[in-house]
Structure formats: C-alpha cells, structure tokens
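Colleague: let's see this in three dimensions:
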Amino acid sequence: MINDTKITLRQLQIFLLAMEQRSFAQTAKSLGLAASAVSMQMTNLADELGVELFEKEGRSIRPTPMATALAPYAEKVFETTDAMTNMAGDLKGDWDQRARISMVSTARNFGPHLIQAFQEAYPDKEVEVSIHNRRGVISALENRQADLALMGRTPRRVEVDARRFANHPYVLIAAPTHPLVRFRKIKRTDLVPHKFLVREKGSGTRMVHDHFFLDHGVPLPNAQQIGGNADIKNAVMAGMGVAFISGHTVALEKQAGKLCILDVEGMPELRDWFVIRLKGAVLGSAAQAFSDFVSANGEQFMDAFFSDLEF
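Modeller: Take a look at the predicted model:
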C-alpha cells in the first residue's frame, strides 16, 4: 500500500551519509551541496518522521537512538531500488534482444524460413515464435504477448501500424481428378453447382470465398466448413470438394501433383502480407530490426521462396 509520505530518496541518501560522517558540513562537501541545504533536508525528514534524528556535539553531530534504529530501513530502501534498477536493466536487455513474433496459420509455410533468414542476418537477436488463427494473433498483440504479427489482413477493431511486405495470392484448388481441372477461364456462375470446403467465419480465406461470389451478385455455393488449412487441403486431395486457399500454403502439394490450381476468372486474388504492431507500440531493438528486415527484404524473399509456384 502506498501512503502519502513526502520522504525522498535524496533525503535518505543524505541521512545515511550524515550517519556515517557525523558532520553536516562534511556530508554537504561529499554531495556537492551547501551545509544549510543538508541541514534543511534533515530537518524536513525529521518533521516527516516525527522524531529527532541528530543532536549537535560541538562542530559534529550525533545520531539519536531513534536515527540509529531507523538507519537499517533506509538502507533497505536503497537495496530495493538497486535491485529494481538491476532488474530493469536485465529486462530491458532481454526486451531489446528478443522479438516475439506471432503469425497466422496461413503463414506457417514460409514464416519460419523468413525468421531464419532474419536470424542469419542478425545472429545476436532472439526470436520467439507463436502460430495461431487470426483471432489468436490479434489477441496476442492486444495482450502484449507478441511484439509483431505476420498476417494477411489488418484488424478492424484494433488500431495497428501495418507495413506491407509482399503480395498474398489466393487461389481455387481442386484434386487432379476433379472435372473442373480440364476447363479454362471458369466463370463464377459455373462454380455454384460444385461443393466447396470453407474455413470458419471471420478467417481471411472465408472472406475471400464469400466476397468472390456475393460481390458479383452470385449466390454462395453449397459449402462444408472444415477447421484449418491443412484439413482443407487433405479434404480437397481426397476429392471432397474445391476450396479457396492462400497460394502460399499449397506450393508443395502442387509440385507433387496432388493439388491443382483452377483457372478461374478473377483469380488469383491478390491481397497483401503485412508485418503489424499495435498503434504507437514501442519496439525493442530486436523487434524493430525484424520489422525493418521484413519490410526491406520480404518481397524479394517471397519471390525467391515461391519461385516455382505459378498461378
């Protein structure tokens, strides 16, 4: 509990030094103060405590028994402030040298590689990584559990500073055996009779799906909701339906011939990847270095990383 005491650290510093030197004049000289200033500070401290602290003894001073009893408490105050200062230094060092990065699950295919590229450029910096769905990433930012986020659509209800670093293509995928694979320039209306697999409401992928049809006055097709991107890819490969998905999540499956990207009007839909922090948030040196690195090198990295992926 904090009371309304007016005792200052400066007063306690003078008090302990005066206890040691037994002279206000010598104490003043040691601290670069006037003797009258030292005497006034000790008078104010004594008034605040309601006790006598020093008695005159010729040109010297003598601590009272009350002062001798109180001195260990003053020493403990400085021990505590020293510990607090040391802890602050340790925490600041850790804060400066560690970047906490949260990324949406869609970014898990390239995000760790991007972080590895950063750590090769900055071997003295540490990176702590977490992967969540969109809501989880936003929550990590809001609760200060993450310094930065890699995500494809900026939050609406949370104010952020967002730096774009690359294109984010969305595509429509199907199993190689799906009848739509053999067609070119497929129209939106031609897709309606086919079964779709979708993510949960609120996900970036679900928004692409809904807007692709509704923004052009086309009714939504029959769809089955499936958990995450990995589950959707497996379901599509099994022939359960077609799905919109981030092109950056299907590179390996496309190269292996297990998935096909359909040739559909208006696709791929190009969005953006962002590195995001809370509006006005102060970053440590490691987090700031990561944000700058991604902004400067992200597009080149993504072009090289997905060089074999054609849409």
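Colleague: quick one: average pLDDT of stretch 231-240?
Modeller: In this model, stretch 231-240 has an average pLDDT of 95.
Colleague: name the residues of that stretch that are buried.
Modeller: Buried residues in stretch 231-240, counted by 16 or more other Cβ atoms under 10 Å: 232, 233, 235, 236, 237, 240. Glycine gets a C-beta too; all of them are placed from N, C-alpha and C.
Colleague: widest-spaced pair of the residues you listed?
Modeller: Greatest spatial distance among the buried residues of stretch 231-240 (Cβ to Cβ): 233 and 240, at 10.9 Å.
Colleague: narrow the buried residues of stretch 231-240 to those in helices?
Modeller: Cross-referencing the buried residues of stretch 231-240 against helices under DSSP state H gives 232, 233, 235, 236, 237.
Colleague: redo these as a markdown table? Include distance to residue 11.
Modeller: Formatted as a markdown table, those follow (distance: Cβ to Cβ, whole Å):
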| residue | distance to residue 11 |
| --- | --- |
| 232 | 68 |
| 233 | 69 |
| 235 | 72 |
| 236 | 73 |
| 237 | 75 |
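Colleague: looking at these, which is nearest residue 161?
Modeller: residue 232 (31.2 Å).
Colleague: state the distance from that closest one to residue 271.
Modeller: As judged by Cβ to Cβ, to the nearest Å, residue 232 and residue 271 stand 18 Å apart.
Colleague: again with residue 214
Modeller: Taking Cβ to Cβ, one finds residue 214 at 17 Å from residue 271.
Colleague: do residue 186 as well
Modeller: Taken as Cβ to Cβ, the span from residue 186 to residue 271 is 20 Å.
Colleague: what about the strands in the stretch 101-250 of the chain?
Modeller: Counting by DSSP state E, counting those that start in this stretch, the stretch 101-250 of the chain has strands at residues 126-132, 148-151, 160-174, 196-198, 223-225, 243-246.
Colleague: just the pLDDT at the nearest residue to residue 183 once chain neighbours are set aside, thanks.
Modeller: Leaving aside its sequence neighbours, residue 183 sits nearest to residue 263 (Cβ to Cβ, 6 or more residues apart in numbering; 7.1 Å). pLDDT recorded at residue 263 is 95.
Colleague: phi, psi of residue 263?
Modeller: Main-chain dihedrals, residue 263, degrees, to the nearest 10: phi -90, psi 100.
Colleague: the one 10 residues further on too?
Modeller: The main-chain torsion angles of residue 273 are listed as degrees, to the nearest 10 and equal phi -100, psi 140.
Colleague: that one touches residue 168, doesn't it?
Modeller: Yes: if you go by Cβ atoms under 8 Å, residue 273 and residue 168 touch, sitting 4.7 Å apart.
Colleague: how about residue 98, what does it touch?
Modeller: Residues near residue 98 by Cβ atoms under 8 Å, 6 or more residues apart in numbering: 125, 126, 127, 128, 284, 286.
Colleague: could you dump those residues into TSV and include pLDDT, neighbour count and distance to residue 75?
Modeller: Supplementary listing: these in TSV, determined by pLDDT from 0 to 100; neighbours: other Cβ atoms under 10 Å; distance: Cβ to Cβ, whole Å:
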residue	pLDDT	neighbour count	distance to residue 75
125	91	19	39
126	90	13	37
127	93	19	42
128	92	14	39
284	88	19	34
286	92	24	37
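Colleague: ok, of those, which one's closest to residue 45?
Modeller: Nearest member of the contacts of residue 98 to residue 45, counting by Cβ to Cβ, is residue 284, at 39.1 Å.
Colleague: how close does the closest one sit to residue 185?
Modeller: On the measure of Cβ to Cβ, residue 284 and residue 185 end up 50 Å apart.
Colleague: and what of residue 171?
Modeller: Counting by Cβ to Cβ, the gap from residue 171 to residue 185 is 15 Å.
Colleague: neighbour count: the two, which is higher?
Modeller: The residue with more neighbours, out of residue 171 and residue 185, is residue 171; 25 against 8, by other Cβ atoms under 10 Å.
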